[in-house]
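Student: Predicted model and sequence follow; I will ask about them next.
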Amino acid sequence: MQNIAIKLLKIGASNFSLRDKDFDLRVNFEVNGKSKVYYNHYKLSNPEIMTERVLKEIKEKEKTESEKDAAYDKNDVLANLKIISFQRLDETEMKLTNFFGKVDNRIKQFKNVKSSENYISNYDRFKDFEVQLF
């Protein structure tokens, strides 16, 4: 039996499209002490749903990668089992949900700006937005 522990370290968003509310997501994480990065393009929706989706996709990615690396042993059933878990799952879910909520709030604030004063500096805030998780 193989235990795979995933620890999310940092999450970032870049390449915002304010019109479509989509962006590129980058998640830095560790798998059993080994650093990895996950990239994907997302359209902003409900923060709770996005959190579940991101965690599920990272888990699936690690499952497929671990299956590629492992040799299948048909004599030992337990050797082929993999337990994939997130360290500090409750806290991680809360921080991810807050992150997606902040992204949504930033987009709403930017769309509500009625003057051209500091427009470029406000737009530059969207180029790269990162949050340290742990």
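Tutor: Thanks, I have the structure now.
Student: contact partners of stretch 47-57?
Tutor: Around stretch 47-57, the neighbours that count as contacts under Cβ atoms under 8 Å, 6 or more residues apart in numbering are 25, 27, 38, 40, 42, 44, 86, 92-93, 96-101, 104. Yep, even glycine has a C-beta here, placed from its N, CA and C like the rest.
Student: Can you point out the buried residues in that stretch?
Tutor: Neighbour-count burial for stretch 47-57 flags P47, M50, T51, V54, L55 (criterion: 16 or more other Cβ atoms under 10 Å).
Student: contacting residues around F129?
Tutor: G12, A13, S14, K102, V103, R106 are the contacts of F129 under Cβ under 8 Å, 6+ apart.
Student: now, which of the buried residues of stretch 47-57 sits nearest M1?
Tutor: M1 has its nearest neighbour among the buried residues of stretch 47-57 in L55, at 21.8 Å by Cβ to Cβ.
Student: just wondering, since we're on the closest one, how far is it from S66?
Tutor: Using Cβ to Cβ, to the nearest Å, one obtains 16 Å as the distance from L55 to S66.
Student: Please consider this matter closed, and thank you.
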